[in-house]
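Chemist: give the three-dimensional model of this entry:
(one chain, ligands or ions: 1)
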Amino acid sequence: MKKLKKLVVGNWKMNPSSLAEAKKIAGDVKRGVKNTKKTQVVLCPPFVYLYPLSGVPRTSVLLGSQNVFYEEAGSYTGEVSVSQLSQCKTSFVIIGHSERRAMGETDDQINRKVRAVTHEGMTAIVCVGEKIHDQHGDYLAIVKKQIQDALRDVSKKLLDHVVVAYEPVWAIGAQDAMPAEDVHEMALFIKKVLRDMYGILADGIRIIYGGAVNTFNAQHIIDGGYVHGFLIGRESLKAKNFVEIIKIVDLS
Ligand code: PGA
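Modeler: So this is what the prediction gives:
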């Protein structure tokens, strides 16, 4: 595998309930990873905490948002633009998370968001994943189409600004993660889809896994899954566990 910087992203979703807690978690993570060398860490809090946390970014801990809108400005009630995010020191954006897809976000909207984000030099964390890991392998076509749709008209020169987060929907919020061998199979498949789209340059795209990653399974998935890191929900709100997972990834 080409040597790309490893990546661990914390998706806080609509948590924690107070800014004080958000600052505490971010501070603990920042202190905990100060000796981490090879791994980029991205915290994705709710929009309203981005500005108060904008002192966090350092080389190893960066800020990301959980969504964005693709227009630059105007009458779009409730939306936030890429440039507004970048003023809060946000350099990553999670796009197309299954919880947003479930609320009606379409492949076309996801593609517009990916183009807006990469065009402005921020990194798009593009979430893909099947709802059911069926026996017939239909999930492969589903994931392939999600990738092709999300990256439509994204040029080769912007690929450094793309991360693919493979998150089987059935594993998100679940007790058990996907077995490492299956993660490996999907990572290879995604790599092939990307190579078919972009040729060898696709090897510059990091592929991370998300769905029930915790301190017990992280080592196994990173060793056997051959991914560049993780997208983590619940465990990213527990600074101690999150830091432990980051260290596992960093040392692997
Ligand atoms: P989880 O969530 O780690 O709590 O399963 C992952 C995600 O939604 O990105």
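Chemist: quick one: residue 93 and residue 119 touch, right?
Modeler: No: counting by CB atoms under 8 Å, residue 93 does not reach residue 119; the two are 12.0 Å apart. Where you see a C-beta, it was placed from the backbone N, CA and C, and this is true even at glycine.
Chemist: higher neighbour count, the two?
Modeler: When neighbours are counted by other CB atoms under 10 Å, residue 93 and residue 119 differ, and residue 93 comes out ahead with 27 against 15.
Chemist: the closest residue to residue 252 other than its chain neighbours: how many residues sit nearby?
Modeler: Excluding its sequence neighbours, the residue lying closest to residue 252 (CB to CB, 6 or more residues apart in numbering) is residue 222, at 4.6 Å. By other CB under 10 Å, 25 other residues sit near residue 222.
Chemist: distance-wise, check residue 222 relative to residue 249.
Modeler: 6 Å (CB to CB, to the nearest Å).
Chemist: shared neighbours of those two, which are they?
Modeler: Common neighbours of residue 222 and residue 249, counting by CB atoms under 8 Å, 6 or more residues apart in numbering, are 229, 230.
Chemist: residues of the stretch 101-250 of the chain that sit close to the ligand?
Modeler: Selection of the stretch 101-250 of the chain residues close to the ligand by CB under 6 Å from any ligand atom yields 167, 172, 173, 210, 211, 212, 213, 231, 232, 233, 234.
Chemist: dump the residue contacts of the second one.
Modeler: With contacts defined as CB under 8 Å, 6+ apart, the neighbours of residue 172 are 98, 99, 129, 210, 211, 212, 233.
Chemist: quick check, nearest of the residues you listed to the ligand?
Modeler: Nearest to the ligand among those is residue 233, at 2.3 Å by CB to the nearest ligand atom.
Chemist: doesn't residue 241 make contact with the closest one?
Modeler: No: with contact defined as CB under 8 Å, residue 233 does not reach residue 241; the gap is 11.8 Å.
Chemist: more neighbours, these two?
Modeler: Neighbour count, other CB under 10 Å: between residue 233 and residue 241, residue 233 has more, with 22 against 18.
Chemist: give me the nearest residue to that one, chain neighbours excluded.
Modeler: residue 11 (5.2 Å).
Chemist: partners of that neighbour in the sheet?
Modeler: residue 44 (DSSP bridges).
Chemist: same thing with residue 6?
Modeler: Under the criterion used (DSSP bridges), residue 6 bridges to residue 39.
Chemist: now do the contacts for it.
Modeler: Shown in contact with residue 6 (CB under 8 Å, 6+ apart): 38, 39, 40, 228, 229, 249, 250, 252.
Chemist: the fifth one against residue 9, yeah?
Modeler: Pointing back at residue 229 there. Yes: Residue 229 is within contact range of residue 9, at 7.4 Å (criterion: CB under 8 Å).
Chemist: give me the common contacts of these two.
Modeler: residue 208.
Chemist: higher neighbour count, these two?
Modeler: residue 229 (30 against 24).
Chemist: look up how far the ligand lies from that one.
Modeler: 12 Å (CB to the nearest ligand atom, to the nearest Å).
Chemist: ranges for the strands of this protein?
Modeler: Taking DSSP state E as the test, the strands found in the chain are 6-11, 39-44, 61-65, 90-95, 123-128, 162-166, 206-210, 229-232.
Chemist: look up the closest residue to residue 147, ignoring the ones flanking it.
Modeler: What sits nearest to residue 147 in space, not counting adjacent residues and going by CB to CB, 6+ apart, is residue 193, at 5.2 Å.
Chemist: contacts only, for the one you found.
Modeler: By CB under 8 Å, 6+ apart, the neighbours of residue 193 are 143, 144, 147, 148.
Chemist: ditto for residue 146
Modeler: By CB under 8 Å, 6+ apart, the contact list for residue 146 reads 96, 107, 128, 129.
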